[in-house]
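Engineer: show me how the following folds:
(chains A and B)
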Amino acid sequence: MANHGNEAAAVHHGHGHDHGHEGHHDLEALRQMGFWLFLITDCILFGTLFATYIVLHHNTAGGPTASELFEMPGVIAETFILLTSSFTSGLAVLSMNRGDRKGLIGWLIVTAILGASFIGLELSEFIKMVGDGAKISTSAFLSGFFTLVGTHGLHVSVGLCWMIALMIQLSRRGITPVTRRKVNIISLYWHFLDVVWIFVFTIVYMMGVM
Amino acid sequence: MLDRIKDFASGFFVTGDPLIYGADVAIVLTMIAVVAVLSYFKKWGWLWKEWLTSVDHKKIGIMYIIAALLMLFRGGVDALLMRTQLVMPDNDFLKPEHYNEIFTTHGVIMILFMAMPLMFGLFNIAVPLQIGARDVAFPFLNSLSFWLFFMGAMLFNLSFVIGGSPNGGWLAYPPLTEKMFSPGVGQDFYIWGIQISGIGSLMTGINFIITILKMRAPGMKLMKMPMFSWSVLASSLTIILAFPILTVTLALLFLDRFLGAHFFSLDAGGNPMMYINLIWMWGHPEVYIVVLPAFGIFSEVVSTFSKKKLFGYKSMVFALMSISVVSFFTWAHHFFTMGSGADVNAFFAVSTMIIAIPTGVKIFNWLLTMYKGKISFKLPMLWTMAFIPCFVIGGMTGVLLSVAPADFQFHNSYFLIAHFHQVLIGGVAFGYFAGLYYWWPKMFGFTLNEKLGKWAFWLWNIGFYVCFMPQYLLGLMGMTRRYSTYGWDTGWFGLNLVSTIGGFLMGIGFLFQVWQILHSIRFMQKDKTGDPWDGRTLEWSIPSPAPMYNFATEPRVGEVDDWWEEKQRLAAGQAPQPKPALEPIHMPKNSGIPIIKAACWFVAGFGFVFDWLWLAIPGLVGVAVCMLAHSFNYDTDYYIPVDEIKRTEAAARRGV
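Structural biologist: Numbering: from 1, shown residues only, chains lettered A, B, ... in the order given. Predicted structure coming up:
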């Protein structure tokens, strides 16, 4: 299935094309720039969710408050896992830039496993909260909490599916201008989610238990 | 069993109103007719290959415009139903509940499903051609945007016959729209219809920013770009900053209704005023999103039909961009009465007044462009000239409304209704009509009949003033919006009667436009020049309709209004610029994924509307499958060979 010739060719931007490979190259640069704009919109999406959370976070309506609810050891573990996964996704890109497909896929696998463990921990945290009677319908504070943190979790989950699809494509096609752009984009996305998490950790959890 | 089916059907379908039964029959007959015609002429394959799966910006633009005109018809019928109800006191033509539904759908449809798609249609038609590009930056995404808009609009319109229309006003303020007070499905149709099309709008914004920033012809510096493209850039920047807020706001309202969350509820700590802040943080920029491109159209039209360079190019750019920035700092002027205090209200009052400055600059620029110009009064120019006084009056009443203490009197009265219709019809609708008349020959290869167009123009204009001037007075007399009826003792009868007459005059104007289009399709001569208006920008340098690849060779641009300058040089006997040799053209392949993916969104949305997870989840799975299918598809483009380009060019230029 895999075409090993692709790797060497990819380093020199695909000599296989007779004409217009410059055009193709430009197209990939355009797509990457388009993704930056998408990240701006996503930034505003999260900004709006943070704003609603901040407006509502004291409105506990007799339900549990942030300091009663949050268990920091689990949250700190999640944070370290996600930060590490951001580092490993960076290593994946470095492997790609060296033309090392095995290293690239390997580091993506590590990143995905770390991402999945983050999601697992977050889900178990949510399930425990709901079990203790702290549901999205309990109070405005919890509505804001579950929506903000859940939206971040949903983003990470989408990123995981996407990463798996990308690993399959990489193993089939190797490092080409197209797959290179896709790896760059998902790594941007992953770092972005990491930055958002730092804000979640600070504003929701740290300030919540303080 | 039969009883259970009957039971289900009576809740599922909207029943009990003869108007709606009539509409049901009309919808079914139209659908049968469409299917029959397509089958009889064996056009299904053609429709699928040439249109539904097309990623060509010109075809997508045409589809946007057709959909928008249909929506204009529906929104217009809603408007006339309302005016009929209000024609006299104590009228019982429409029941109050029905009236609530109609003012809600009128507003949503006119802004989100008429103005937005008409605007995107014009973006698609004009921008790539104006900047000398072969397509937009992301043609696949462009097609997806269109289909998301289309499916969202269909979902919203479906509420008319299935489940019941939303009735909480065009911005659906909670707590009225919470489950407690709006238990029906209408509000969910509202949320999902707008949500799905809103995602499409967001992607269009991204698409056109990249297109304009990255795909201009060589030599076209930003400050040499046609003004319409500048206005599209300003509008698109505003879209990508404003639409995510709408996405979140609607999602939160949905969570309130679907999972019992408490963002905007009255109990458990929810805050309804937060919704009103959020929705206007999107909603105010939204009105500038739709009006900025109209300003761009007027700039093109004024300069073309006055045969002069646009006066004050730089100040126009500055005005467009500054409006798109300041538009984010005025949202609270929609609810000065919230009680946020004098300081907050003063800030938003001043920021609102500031917007009038760049807008005023533009008006002077247009007037000074006309000054000493050789003006020809073709349809696009007529609409532009009608726009100027209309928008000046609408702008001045807007400044009156921006004075916070005075607004406590004007708030939600017919004075406000008259104001925003004046800027939206006088600004946006007139602007897009001007744009449609202006670029129509580029889309279809013939101009529209002037005589019928003038009838439509005068009916619209006279109708407009007859309809809305009385409403300013009604507002000052104390009539507030959304009244479904009023008593004889109010003294509002005469002015309402006049206003209704004006509404119907505009309706007749619309019918003249339909007649004009049909008549022109039948009788108008093909425009063989590709440049019927003696235009100034690059879109007029190529044949009409433009070939699939737009430009056979990449144009080189030296100055503002490059095509005009080129024509002057040729007329002065200078040799034309040498054209580079033809090369194979890189083009994107058509794709069925956008329409299928949008249809999956439709299914998911419909499922969520009725709380049918068995339908919603497969819909979302379908969306995911479509995304993966697209990601795994590497066969996305092809090359048009030189021979074919030569043949196409020869055929298009044959008549020249």
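Engineer: contacts and neighbour counts: CA atoms only from here.
Structural biologist: OK.
Engineer: what residues does chain B put near chain A?
Structural biologist: Residues of chain B lying near chain A by CA under 8 Å from any CA of the partner chain: B:137-138, B:206-207, B:210, B:214, B:240-241, B:244-245, B:247-248, B:259-263, B:268-271, B:274, B:586, B:628, B:632.
Engineer: count the neighbours of A:Trp59 for me.
Structural biologist: Not quite, residue A:59 is Asn, not Trp. By other CA atoms under 10 Å in any protein chain shown, 21 other residues sit near A:Asn59.
Engineer: and it, how far is that from B:Thr249?
Structural biologist: 19 Å (CA to CA, to the nearest Å).
Engineer: re the thing from before, in strands, which of the residues of chain B next to chain A appear?
Structural biologist: Members of the residues of chain B next to chain A lying in strands (criterion: DSSP state E): B:His586.
Engineer: buried ones among the residues of chain B next to chain A?
Structural biologist: Among the residues of chain B next to chain A, the ones that count as buried by 16 or more other CA atoms under 10 Å in any protein chain shown are B:137-138, B:206-207, B:210, B:214, B:240-241, B:244-245, B:247-248, B:260-263, B:268-271, B:274, B:586.
Engineer: in helices only, show me those residues.
Structural biologist: B:Ile206, B:Asn207, B:Ile210, B:Lys214, B:Ile240, B:Leu241, B:Pro244, B:Ile245, B:Thr247, B:Val248, B:Met274 (DSSP state H).
Engineer: what residues are up against the fifth one?
Structural biologist: Read that as B:Ile240. Contact analysis of B:Ile240 by CA atoms under 8 Å, 6 or more residues apart in numbering or on different chains lists A:Leu37, A:Ile40, A:Thr41, B:Leu202, B:Gly205, B:Ile206.
Engineer: then B:Asn167?
Structural biologist: When contacts are counted by CA under 8 Å, 6+ apart, B:Asn167 touches B:Glu97, B:Asn100, B:Glu101, B:Ile102, B:Phe103, B:Thr104, B:Thr105, B:Gly186, B:Gln187.
Engineer: doesn't it belong to a strand?
Structural biologist: No - B:Asn167: not assigned to a strand; according to DSSP: H, G, I helix; E, B strand; the rest coil it is coil.
Engineer: find the nearest non-adjacent residue to it, please.
Structural biologist: Once flanking residues are discounted, B:Asn167 sits nearest to B:Glu101: 4.1 Å by CA to CA, 6 or more residues apart in numbering or on different chains.
Engineer: tally of neighbours for that neighbour?
Structural biologist: 20.
Engineer: also the one 3 residues further on?
Structural biologist: Here the number of neighbours of B:Thr104 (other CA under 10 Å) works out to 22.
Engineer: okay but it is in contact with B:Gly169, surely?
Structural biologist: Yes - under the criterion of CA atoms under 8 Å, B:Thr104 makes contact with B:Gly169 at 4.4 Å.
Engineer: tell me where chain B has strands.
Structural biologist: Under DSSP E, chain B gives strands at B:585-588, B:637-640.
Engineer: now tabulate those in TSV and tack on mean pLDDT.
Structural biologist: TSV is the format used below for the strands of chain B (pLDDT from 0 to 100):
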stretch	mean pLDDT
strand B:585-588	90
strand B:637-640	89
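Engineer: return the most buried member of the ones you listed.
Structural biologist: Comparing those by mean neighbour count (mean count of other CA atoms under 10 Å in any protein chain shown), strand B:585-588 comes out on top with a mean of 18.
Engineer: any idea how far it is from the chain center?
Structural biologist: 29 Å (CA atoms, centre = their mean, to the nearest Å).
Engineer: what of stretch B:555-571?
Structural biologist: Per CA atoms, centre = their mean, the centroid offset for stretch B:555-571 relative to its chain is 32 Å.
Engineer: contacts (any at all) between chain B and the one helix or strand A:Ile186 maps to?
Structural biologist: A:Ile186 belongs to helix A:177-199 when assigned by DSSP states H and E. No - shown here: helix A:177-199 not in contact with chain B (CA under 8 Å from any CA), separated by at least 8.6 Å.
Engineer: what lies in contact with that helix?
Structural biologist: A:10, A:13-14, A:25, A:28-29, A:31-32, A:35, A:39, A:46, A:79, A:82-83, A:86, A:89-90, A:93, A:96, A:152, A:155-156, A:159, A:163, A:166, A:169-170, A:173.
Engineer: now do 6 Å
Structural biologist: A:Ser86, A:Ser89 (CA atoms under 6 Å, 6 or more residues apart in numbering or on different chains).
Engineer: hang on, the earlier thing: which of the contacts of B:Asn167 lies closest to chain A?
Structural biologist: Nearest to chain A, judged by CA to the nearest CA, of these is B:Gln187 at 19.5 Å.
Engineer: my guess is the closest one contacts B:Pro166, does it?
Structural biologist: Yes - contact criterion CA atoms under 6 Å: B:Gln187 and B:Pro166 qualify, at 4.8 Å.
Engineer: adding distance to B:Tyr432, write the contacts of B:Asn167 out as JSON lines.
Structural biologist: Supplementary listing: the contacts of B:Asn167 in JSON lines, determined by distance: CA to CA, whole Å:
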{"residue": "B:Glu97", "distance to B:Tyr432": "33"}
{"residue": "B:Asn100", "distance to B:Tyr432": "28"}
{"residue": "B:Glu101", "distance to B:Tyr432": "27"}
{"residue": "B:Ile102", "distance to B:Tyr432": "24"}
{"residue": "B:Phe103", "distance to B:Tyr432": "23"}
{"residue": "B:Thr104", "distance to B:Tyr432": "23"}
{"residue": "B:Thr105", "distance to B:Tyr432": "21"}
{"residue": "B:Gly186", "distance to B:Tyr432": "30"}
{"residue": "B:Gln187", "distance to B:Tyr432": "30"}
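Engineer: can I have the buried ones of these as a ChimeraX selection?
Structural biologist: Only the buried entries of these go into this ChimeraX selection, using 16+ other CA under 10 Å:
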select /B:100,101,102,103,104,105,186,187
